[in-house]
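Colleague: coordinates for the following, if possible.
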Amino acid sequence: MLGRVWDASDHRRVITDLIGLGWSLSGVGDWAVGLRSPNGLLAARVCPFDPAYAAFVELCRRCPGHPFLPRMDLVAALDGGGSLTVMEFLTPAKEQDAAEVARRWREGRDDEGDLAGLRREALAVDAEYRARMPWWDGIDLNPGNVRQAADGRLAVIDVFCMDGEALYAQILRDASVVRDRIPEEGLRHVLDIPYIARECGPEEIEALRRAWSAVR
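Modeller: A predicted model of the protein is given here:
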């Protein structure tokens, strides 16, 4: 996997290839699909469109080896604005542990601890993205974002988010606004996120596709 040029593949091809290599589907979120490696040690996150995830990758890049972040083994851009990330596989943390991490993060009182340092760096990344990213929604760390690694440590994932509701409402109102504010090369699969396939009715999907194709 490390020797492959991933930017020539889109999210569909990557999912197909990983399944062909023995990876198994392990979860479907709002923006991405998760797969687990045959040996169970790694997880792949395959996303057709999610500008906010670049901020989380940036946070991991700035804080290498941080105990509250997952180890990332591969980060690759995909054709059309998607992304592939391969990291250590994480399981859901115990409810009490996850709630405690979320509370500490929210209150920000652990001034000298690892979590507080990560929170400060996340706020810096948030400020940078907020200044330049349309439909940015900021930091959203809740107990569901807290996971546990095989070595027992707790890690946080996906702490940044877009205002997806506003973004897709804008597509319905006037898709040209979205096309003007986000580079075309990053929008090719904007309607392929799992949330639309899972939650929208046929009429809603058709309305989105009609609105999007009306502006070229």
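
Colleague: under the pLDDT cut-off, which ranges of the chain? List them.
Modeller: Applying pLDDT under 70 to the chain flags the ranges 110-112, 216.

Colleague: which parts of it are helices?
Modeller: Ranges of helices in the chain, per DSSP state H, are 11-20, 53-62, 95-107, 114-132, 164-181, 194-199, 202-213.

Colleague: what about Glu206, how many residues nearby?
Modeller: 11 (other CB atoms under 10 Å). In short, each C-beta sits where N, CA and C put it, glycine included.

Colleague: for His189, same thing?
Modeller: By other CB under 10 Å, neighbour count at His189 equals 18.

Colleague: quick one: it and Gly81 touch, right?
Modeller: Yes. In this structure, His189 is within contact of Gly81 by CB atoms under 8 Å, at 6.3 Å.

Colleague: common neighbours of those two, please.
Modeller: Here His189 and Gly81 have 48-49 as joint contacts, going by CB atoms under 8 Å, 6 or more residues apart in numbering.

Colleague: can I get the helices of the chain in CSV including distance to Thr85?
Modeller: As requested, the helices of the chain are exported to CSV (distance: least, CB to CB, whole Å):
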stretch, distance to Thr85
helix 11-20, 11
helix 53-62, 7
helix 95-107, 21
helix 114-132, 16
helix 164-181, 19
helix 194-199, 16
helix 202-213, 26
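
Colleague: highest average neighbour count across the ones you listed: which stretch is it?
Modeller: helix 53-62 (a mean of 18; mean count of other CB atoms under 10 Å).

Colleague: quick check: the gap between Ala8 and Gln96.
Modeller: 45 Å (CB to CB, to the nearest Å).

Colleague: oops, could you answer that again for Cys60 instead?
Modeller: Counting by CB to CB - Cys60 and Gln96 are separated by 26 Å.
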